[in-house]
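> how would this look folded up:
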Amino acid sequence: MEKEIITAVAIGIGLSASCGFRVFVPMLVASIAAKMGIFSVNEGFQWLGSWPAIISFGTATVQGGTVLTRLASTKFTAGAGNAVVATGEHAAAFGTSVLAVLIPLIFAALVILLIIYLITKFGGKIFERKNV
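Numbers count the residues shown, from 1 in each chain. Predicted structure coming up:
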């Protein structure tokens, strides 16, 4: 399987998992990652890495809210807990979105380091010739 497909699937799973926190935060992170060149987008999705897309997703992220969570927070804390709930939602959505982009890259780097370590540790034993 190609590296791009595996990375795309891993990022897609991570971003879809974080959608439960905030709908537009994963798209904002994906848009910023596309703009920074962390992952490439197909021809039909090049708009995702544009400044208008980043501004749109950023604005939508700020405006978005979770009505049921806020309702419960208002009921149990008389509205005092709404700021804490909103901050927690944003932090969780942002954190999982960033991790969805970074974990495949970190894992790839760790695999490369492991391969280099194994080659340096056992490479001489594997490739040495036995003189009989």
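
> tell me which residue is most central in this protein.
Nearest to the geometric centre of the chain sits Ala100, at 2.4 Å (C-alpha atoms, centre = their mean).

> pLDDT at that one, what is it?
Per-residue pLDDT puts Ala100 at 80.

> can you give me the helices in this structure?
3-18, 25-36, 51-63, 67-77, 82-127 (DSSP state H).

> go through the shortest one and flag the buried ones.
If I follow you right, that is helix 67-77. Using 16 or more other C-beta atoms under 10 Å as the test for burial, helix 67-77 gives Arg70, Ser73. Yep, even glycine has a C-beta here, placed from its N, CA and C like the rest.

> which residues touch it?
Helix 67-77 has contacts (C-beta atoms under 8 Å, 6 or more residues apart in numbering) with Gly79, Gly81, Asn82, Val84, Val85, Ala86, Glu89.

> ok, the second one next?
Contacts to helix 25-36, defined as C-beta under 8 Å, 6+ apart, come from residues 11, 15-16, 18-19, 39-41, 45, 48-51, 53-54, 57-58, 60-61, 90, 93-94, 96-98, 100-101.

> ok, Thr7 - how many residues close by?
Thr7 has 18 neighbours, counted by other C-beta atoms under 10 Å.

> ok, the residue nearest to the centre of the chain to Ile54 distance?
Between Ala100 and Ile54 the computed distance is 17 Å (C-beta to C-beta, to the nearest Å).
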